[in-house]
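Visitor: this is a predicted model, with the sequence first.
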Amino acid sequence: QVQLVESGGGLVQAGGSLRLSCVASGRAFSRYDMAWFRQAPGNEREFVARIAWNTGRIDYKHSVKGRFTLSRDNAKNTVYLQMNSLRPEDTAVYYCNTFPPQADYWGQGTQVTVSS
């Protein structure tokens, strides 16, 4: 079982930056592929980025590539999402989860609001 707690969201102007953190509790965190997802009002939750546990390979949603950077620190059981050049369309609640996501692992998420 894994419990995930996201933090780091906030209100930022377009072009600004935020760094999200996701701390995991539970065993074997380092053996999970981890990912960030987001859900904007009225939309379904969507994939943003993921990192493989064994190869470290990272994949991004096309619209965030070059602006967002995903990383993980297994010693701290933490996954990060550095978000630069933020746009109003990045406004959403951001969640971390394993990849593929497990229904029981969704946390409260962290709100990111980008003003124009």
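Guide: Looks like it arrived, so ask away. Numbering: from 1, shown residues only.
Visitor: SS state for the nearest residue to Gly16 once chain neighbours are set aside?
Guide: Closest residue to Gly16 in three dimensions, ignoring its sequence neighbours and counting by Cβ to Cβ, 6 or more residues apart in numbering: Leu86, at 5.3 Å. (Glycine included, C-beta is placed from N, CA and C.) Assigned with DSSP: H, G, I helix; E, B strand; the rest coil, Leu86 falls in the coil class.
Visitor: ok, Val64 - contacts?
Guide: 48-49, 83, 90 (Cβ atoms under 8 Å, 6 or more residues apart in numbering).
Visitor: looking at these, spot the one nearest Gly109.
Guide: Nearest to Gly109 among the contacts of Val64: Val48, at 11.9 Å, using Cβ to Cβ.
Visitor: quick one: secondary structure of the closest residue to the closest one other than its chain neighbours?
Guide: Once flanking residues are discounted, Val48 sits nearest to Trp36: 4.3 Å by Cβ to Cβ, 6+ apart. The three-state assignment at Trp36 reads strand, by three-state DSSP.
Visitor: pretty sure Trp36 contacts Val79?
Guide: Yes. The criterion here is Cβ atoms under 8 Å, and Trp36 meets it with Val79 at 7.4 Å.
Visitor: so what sits against both of these two?
Guide: 22, 70, 96.
Visitor: so can I have TSV of these showing distance to Ser115, pLDDT and neighbour count?
Guide: Below are these laid out as TSV (distance: Cβ to Cβ, whole Å; pLDDT from 0 to 100; neighbours: other Cβ atoms under 10 Å):
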residue	distance to Ser115	pLDDT	neighbour count
Cys22	24	96	25
Leu70	24	98	22
Cys96	24	97	31
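Visitor: among these, which lie within strands?
Guide: Within the shared contacts of Trp36 and Val79, residues falling in strands by DSSP state E are 22, 70, 96.
Visitor: which strand residues bridge the first one?
Guide: I take that to be Cys22. Glu6, Val79 (DSSP bridges).
Visitor: show me the contacts for it.
Guide: 4-7, 34, 36, 78-81, 96, 107.
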